[in-house]
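Asks: what's the 3D shape of this:
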Amino acid sequence: MITTVRIGGVPEHFNYPWHKAMEEGKFHQHDLALQWADYPGGTGALVQDLTDKKLDMAVLLTEGAVAAISKGCPAQLLHFTVRSPLFWGIHTGANSTLYRLQDIPGKTFAISRFGSGSHLMAIVQAMLNGWPLDHMQWLEVKNLDGAKKALVENKADVFLWERFMTKPLVDEGALRLLGLLPTPWPSFVLAVHRDFLQAYPEAVKHITYELLAMQKQIKEDQTLAIKLSERYGLQHADVLTWLDQTVWEDQAVLSEKEIDGISQSLVKAGILTDAVPAKELIHRSF
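Replies: Down below sits the predicted model:
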């Protein structure tokens, strides 16, 4: 009997191993039919549909996943999918009068939605720089296209997004890159709805191990940079730089100490009121 699994993630190069595994039939051999959905709106939109059981599993930004589950999203963390940090580009419109990072306080941030990575990392940026959090202003723009429009039309001043996905907009002259902000933790994590995990534990286990096996295999592909540049519309040289910085996870492990550290950072940033112990966020049966 075939088990259908609805999984979502951002339409970015980080999730290429999922598509590669599906195209090669890695999940079919376990009688699993994965239905992948792209979420240009990012982690906030993914969390909403995972909470509403429109998704069974989701690849989320780590800080967004920890925050969402701590606030009641009925899911658990399985393992990191990307262990290296995410390098967020700090952007403004090409015609903006904003040129220095220290001039950002008091400006309006474009965010895909509240609870998204673009929202959470803007707060983390403010916290790391000692900027007042209570003066931050927000404009919801849904996705990258919405952010481009808001910045070009000067309806917002700043936007944080993965640097290589926004680089084509910088190259074409629509946006200007002010700086980079690496996450102080691994960038992406896999989460599963508790009900799906309880109903199909073996399916979750098979999905996990097939993905991790593919991620271990994929960096040995000498044509990987070409495939990624063609698939995601990125410059070949940019993909080579990105691959040098990226470490896909190949082990089904999560450190409670690491997750607890992320929770404490989110508390300091005012995103969480209290830190939920990591052991309550992580699924441990693998």
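
Asks: Which positions within stretch 130-144 qualify as buried?
Replies: By 16 or more other CB atoms under 10 Å, the buried positions in stretch 130-144 come out as 131, 136, 139-144. Where C-beta positions appear, they are placed from N, C-alpha and C, glycine not excepted.

Asks: Equivalent analysis for stretch 39-58, please.
Replies: Quick answer for stretch 39-58 (16+ other CB under 10 Å): 39, 41-51, 55-58.

Asks: C-alpha coordinates for the helix or strand where residue 110 lies, CSV please?
Replies: Take DSSP states H and E as the rule and residue 110 turns out to sit in strand 108-111. Provided in CSV are the C-alpha atoms of strand 108-111 (Å, rounded to 0.1, in the frame of the first residue of the first chain):
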residue,chain,number,x,y,z
THR,A,108,11.2,49.6,7.9
PHE,A,109,12.0,45.9,7.3
ALA,A,110,10.3,44.0,4.5
ILE,A,111,9.4,40.5,5.7
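
Asks: can you pull out the strands in the protein?
Replies: Ranges of strands in the chain, per DSSP state E, are 3-9, 32-38, 57-61, 75-82, 87-93, 108-111, 137-140, 158-162, 175-182, 188-193.

Asks: Figure out the length between the terminal residues of stretch 55-64.
Replies: 16 Å (CA to CA, to the nearest Å).

Asks: same question for that stretch, mean pLDDT?
Replies: For stretch 55-64, the mean pLDDT works out to 96.

Asks: and of the strands of the chain, who's closest to residue 240?
Replies: Among the strands of the chain, the nearest to residue 240 by CB to CB is strand 87-93 (14.7 Å).

Asks: which helices and strands does that closest one pack with?
Replies: In this structure, strand 87-93 makes packing contacts with helix 117-129, helix 144-152, strand 158-162, helix 163-171, strand 175-182, judged by 3 or more CB pairs under 8 Å, 6 or more residues apart in numbering; DSSP states H and E.

Asks: Could you list the buried residues of the fourth one?
Replies: Meaning helix 163-171. By neighbour count on 16+ other CB under 10 Å, the buried set for helix 163-171 is 163-169.

Asks: Would you convert those into JSON lines that also reports distance to residue 62 and pLDDT?
Replies: As requested, those are exported to JSON lines (distance: CB to CB, whole Å; pLDDT from 0 to 100):
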{"residue": "163", "distance to residue 62": "17", "pLDDT": "91"}
{"residue": "164", "distance to residue 62": "18", "pLDDT": "88"}
{"residue": "165", "distance to residue 62": "17", "pLDDT": "88"}
{"residue": "166", "distance to residue 62": "20", "pLDDT": "93"}
{"residue": "167", "distance to residue 62": "22", "pLDDT": "91"}
{"residue": "168", "distance to residue 62": "25", "pLDDT": "92"}
{"residue": "169", "distance to residue 62": "25", "pLDDT": "95"}
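
Asks: give me the number of residues near residue 273?
Replies: 9 (other CB atoms under 10 Å).

Asks: which residues does it contact?
Replies: residue 267 (CB atoms under 8 Å, 6 or more residues apart in numbering).

Asks: Let's see that with 10 Å instead.
Replies: By CB atoms under 10 Å, 6 or more residues apart in numbering, the residues touching residue 273 are 70-71, 266-267.

Asks: List the beta-bridge partners for the residue positioned nearest the centre of the chain.
Replies: By CA atoms, centre = their mean, the mean C-alpha position of the chain lies nearest to residue 61, the distance being 3.1 Å. When assigned by DSSP bridges, residue 61 has beta-bridge partners residue 188.

Asks: That'll do, ta.
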